[in-house]
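Enquirer: Structure for this input, please:
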Amino acid sequence: MLIDYLRERKIKIKDIQRATDIPYTTLNDIANGRVDIMNVRLRYVTDIARFLGITIDGLVQECAPAWKDDTSDIYISDGKYYLDRGEWSDSPIYLCKVNKLNEKWVRHMADFRKSEAKLEKEKEKWKINYST
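Expert: A predicted model of the protein is given here:
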């Protein structure tokens, strides 16, 4: 997450806020992963990247949770982790709120919820087959 990047470089959110005029709470939410960087105003993203001396792609990468990869089926929306729907679910599955503690175990939670959803689908299939 971005907060780790900032801590490593001893950069305070307040310093970014003063230099960019982006509201402190917005910066805090971005840094702590409560807001998906892909949903942040472009001006904010460019101002933050410019302040940090990195590219926009670099900033996006720094904002990604540690477990995030290109094939991930987990995404963040409105400060919450969701498991993307697949053949085993009709809609996204809520996992938990975004925070530093949850980042460490959200992949395990997603795997558990996915297997749970698959079992529910199987139960539905058996109910339909049994009733006909």
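Enquirer: By mean pLDDT, point me to the weakest helix or strand of the protein.
Expert: Across the helices and strands of the chain, mean confidence by mean pLDDT, DSSP states H and E is lowest for strand 74-77: a mean of 72.
Enquirer: Just the C-alpha atoms of it, please, in PDB.
Expert: Extracted in PDB, the C-alpha atoms of strand 74-77 (Å, rounded to 0.1, in the frame of the first residue of the first chain):
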ATOM      1  CA  ILE A  74     -10.400  -9.500  -5.600                       C
ATOM      2  CA  TYR A  75     -11.100  -5.900  -6.100                       C
ATOM      3  CA  ILE A  76     -11.700  -2.800  -3.900                       C
ATOM      4  CA  SER A  77     -14.800  -0.700  -4.200                       C
END
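Enquirer: what's the closest residue to Lys80 other than its chain neighbours in contact with, if anything?
Expert: Using C-beta to C-beta, 6 or more residues apart in numbering and skipping the chain neighbours, the partner closest in space to Lys80 is Lys97 (5.6 Å). Bear in mind the C-beta positions are built from the backbone N, C-alpha and C, glycine included. Counting by C-beta atoms under 8 Å, 6 or more residues apart in numbering, Lys97 makes contact with 79-81.
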